[in-house]
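Colleague: Here's my sequence, what's the structure:
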Amino acid sequence: MVLNSNRVDHFVCHGTTTTIKIQTDIPIMQQSTPLEIHKVRLPPQHTTLHKLKHSLSEIFFPDDPLYTFKNQTWCTKFFLGIQYLFPIFQWGPHYNLLLLRHDVISGLTIASLAIPQGISYAKLANLPPIIGLYSSFVPPLIYSLLGSSRHLGVGPVSIASLVMGSMLSETVSYTQDPVLYLKLALTATFFAGVFQSSLGFLRLGFVIDFLSKATLVGFMAGAAIIVSLQQLKGLFGIMHFTSKMQIIPVLSSVFMQRDEWSWQTILIGFSFLAFLLIARHISLRKPNLFWVSAAAPLTSVILSTILVFLLRNKVHKIAIIGELPKGVNPPSSNMLYFNGPHLALAIKTGLVTGILSLTEGIAVGRTFAALKNYQVDGNKEMMAIGLMNIAGSFSRSAVNYNAGAQTTVSNIIMASAVLVTLLFLMPLFYYTPNFVLASIIITAVIGLIDYQAAYKLWKVDKLDCLACLCSFFGVLFISVPLGLGIAVAISVIKILLHVSRPNTQVLGNIPGTLIFRNVNQYREALRVPSFLILAVESPIYFANSTYLQERILRWVREEEERIEANKENTLKCIILDMTAVTAIDTNGMDTVSELRKMLEKRSLQFVLANPVGNVMEKLHQANILDSFGLKGVYLTVAEAVADISSSLKPQP
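Modeller: Residues are numbered from 1 along each chain as shown. Model (predicted):
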């Protein structure tokens, strides 16, 4: 379509500059040459197959993972494929003794944290403590081969452990039927891994993006509080405690069981909790003292175990772990629960914990990758995390990073240390008290309460803050799984709200320029007499087309009322700036066509400015552009105003 004009000779010249005057002499621009009216072109034609291929590529392969394979020989492609599947072959050939020294130090450091945390998180999921150590032994070995993050320390995660424990214990009692409970836990972990690796293999990582940061902040904070309150059982020495996860039943259980409180447990337990919190505070204030916080859990386990051993004949009310079998058990594939009435529960638990583990693990990996200026492949991370059936822990990864880890060899060192513990050191944990495990859990999860992020949400985006609060209170007062469901629902509702009620604005001209901006944001922007210039900041879809039609007609009515009140020139033309309209469907095209007809009946001209390529193409294919004519579509708002205003002026 050719859109041109021969009316630029109607501009009024003043000296050496040319000023466009529109009826009331408001300057629109100043330049030494007349404004040229450009053509609005259609994008290059492509076949439907080409468009489909491009769309699928943008959905599933936005990072173009195969770009390194282009223009390579088959031999080179083979080695690149091996490196892509096993990132260890990328940095392995360049590994040296200096890197090994750093990795050994960091591996032993995180092992000192992983061992007590592994035992503690297993207790959090109502599982035998030995399960937590296995989770810190096998998964790191798998991740060291497949993972793309050099600093992610893998092992059990507090929130995932809590969710698993709460979801399974609602149906199956871990005290009355421990074998079935263990089977369901192992099966849930299996399905979590299948779900995670499937997302990575099918490149569906965008699924976890539906958990927005705002909802995650609220969810994590609520879950951290629930986790901490659950540990009051260990800190107070309570033997009979509620299995519910809501804040009211938990607090009620604490105070209703006052006769079970043990002052010895309270005194020693809160002393170790204070020690762990002080160590954490020191490491936060001075990052070079990271080892203080990293060594504190193992130190607490050792000191508390020695203390309880020495007082074993004098104090009988302190609950201890008891006997732990040493050695490495054979694979537990025979424990997987694939037939029975509780299979759906195991699958549901696996999906929920899998999403939580992925969200935290990938976010942490990308955080530390950004600090060291390398890239983490999200889909490869999903496959690696899924194959090891468990995700990384933020606290352990932070220790791994601060301890100077250079590669995933640090995970191998950690796994080796855990293996030594499993083979030889398990009897030493016999007198380890439950209160020290509770203290370790509280110290680990308290960092998930990010009040600064919540305050920032309140300052920046009240809707995000509302989503954060709904997620937070949903976890506290309803349940952890339903709190996660609320978080996802709020995220989806927020997306639908933005799509169905997009922002529209009135544009005005900044004097002396060709720039048109929101008149409410830029007070110097002036409305152009006889024109109403509107901008839509969203694709026009079936979900918002009716709203946009009603909103634009309302803008027209309000503009006519404003003109009548101020006794200004009559409204003649409505310009719709489509710069931000990135897509349009059939409903949207019908809306544009209907608006033109409705406005023409009111003797108002309706024109479009700067429709983007695919929008222009669809309007052309639907024959809508024909109804707009030669003066219905312009490249810019400035050209539309200049060309149309010249036709509105009386001819000399």
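
Colleague: so where's the stretch 401-550 of the chain shaky on pLDDT?
Modeller: 401-408 (pLDDT under 70).

Colleague: how about the strands of it, start to end?
Modeller: 504-509, 516-518, 531-536 (DSSP state E, counting those that start in this stretch).

Colleague: For stretch 503-512, which outside residues touch it?
Modeller: Applying Cβ atoms under 8 Å, 6 or more residues apart in numbering, the contact partners of stretch 503-512 are 26-30, 515-520, 522, 524-528, 532-538, 548, 551-552, 555, 559, 577, 637-638, 641. For every residue, glycine as well, the C-beta is placed using N, CA and C.

Colleague: likewise stretch 468-478?
Modeller: 214-219, 221-223, 225-226, 246-248, 454, 457, 482-487, 490.

Colleague: 6 Å - rerun?
Modeller: 214-215, 217-219, 221-223, 246-247, 454, 457, 483, 486-487, 490 (Cβ atoms under 6 Å, 6 or more residues apart in numbering).

Colleague: Repeat that for stretch 528-541.
Modeller: 23-24, 502-505, 507, 509, 555, 559, 569, 572-577, 580-585, 588, 637, 641.

Colleague: Would you mind measuring from residue 614 to residue 539?
Modeller: Separation of residue 614 from residue 539 (Cβ to Cβ, to the nearest Å) stands at 10 Å.

Colleague: quick one, which of these two is more surrounded?
Modeller: The neighbour comparison of residue 614 against residue 539 (other Cβ atoms under 10 Å) goes to residue 539, with 17 against 14.

Colleague: Distance of that one relative to residue 214?
Modeller: For residue 539, the distance to residue 214 - Cβ to Cβ - is 23 Å.

Colleague: tell me the SS of residue 176?
Modeller: Counting by DSSP: H, G, I helix; E, B strand; the rest coil, the backbone at residue 176 sits in coil.

Colleague: what about it, neighbour count?
Modeller: Residue 176: 8 surrounding residues under other Cβ under 10 Å.

Colleague: try the one 5 residues further on
Modeller: Residue 181 is surrounded by 22 other residues when neighbours are defined as other Cβ under 10 Å.

Colleague: Would you check that residue 124 makes contact with residue 163?
Modeller: No: Residue 124 is beyond contact range of residue 163, at 10.0 Å (criterion: Cβ atoms under 6 Å).

Colleague: before we move on, back to that, give the buried subset of the contacts of stretch 528-541 as a ChimeraX selection command.
Modeller: A single ChimeraX command selects the buried members of the contacts of stretch 528-541 (16 or more other Cβ atoms under 10 Å):
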select :23,502,504,505,507,509,555,559,572,573,574,575,576,577,581,584,588,637,641
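
Colleague: Among the contacts of stretch 528-541, which lie within helices?
Modeller: Residues of the contacts of stretch 528-541 located in helices (DSSP state H): 555, 559, 588, 637, 641.

Colleague: so how far is residue 618 from the third one?
Modeller: Using Cβ to Cβ, residue 588 is found at 9 Å from residue 618.

Colleague: who touches the host helix or strand of residue 76?
Modeller: Assigned by DSSP states H and E, residue 76 falls within helix 74-85. Helix 74-85 is touched from outside by 68-69, 89-90, with contacts defined as Cβ under 6 Å, 6+ apart.

Colleague: And these, which two are furthest apart?
Modeller: Spatially, the most separated pair among the contacts of helix 74-85 is 69 and 89, at 15.4 Å (Cβ to Cβ).

Colleague: and residue 412, which of the strands of the stretch 401-550 of the chain is closest to it?
Modeller: strand 531-536 (54.9 Å).

Colleague: show me what contacts residue 254?
Modeller: residue 232.

Colleague: tell me the SS of it?
Modeller: Taking three-state DSSP, the label given to residue 254 is helix.

Colleague: separation between it and residue 626?
Modeller: 75 Å.

Colleague: Equivalent analysis for residue 414, please.
Modeller: 69 Å.

Colleague: what about those two, which has more around it?
Modeller: Legend: neighbour count by other Cβ under 10 Å for residue 414 and residue 626, higher for residue 414 (32 against 11).

Colleague: That one reaches residue 110, doesn't it?
Modeller: Yes: using Cβ under 6 Å, residue 414 makes contact with residue 110 at a distance of 5.0 Å.

Colleague: any weak-confidence spans in the chain?
Modeller: Regions of the chain meeting the criterion pLDDT under 70 cover residues 1-35, 58-67, 147-156, 205-211, 243, 315-316, 326-333, 359-408, 649-652.
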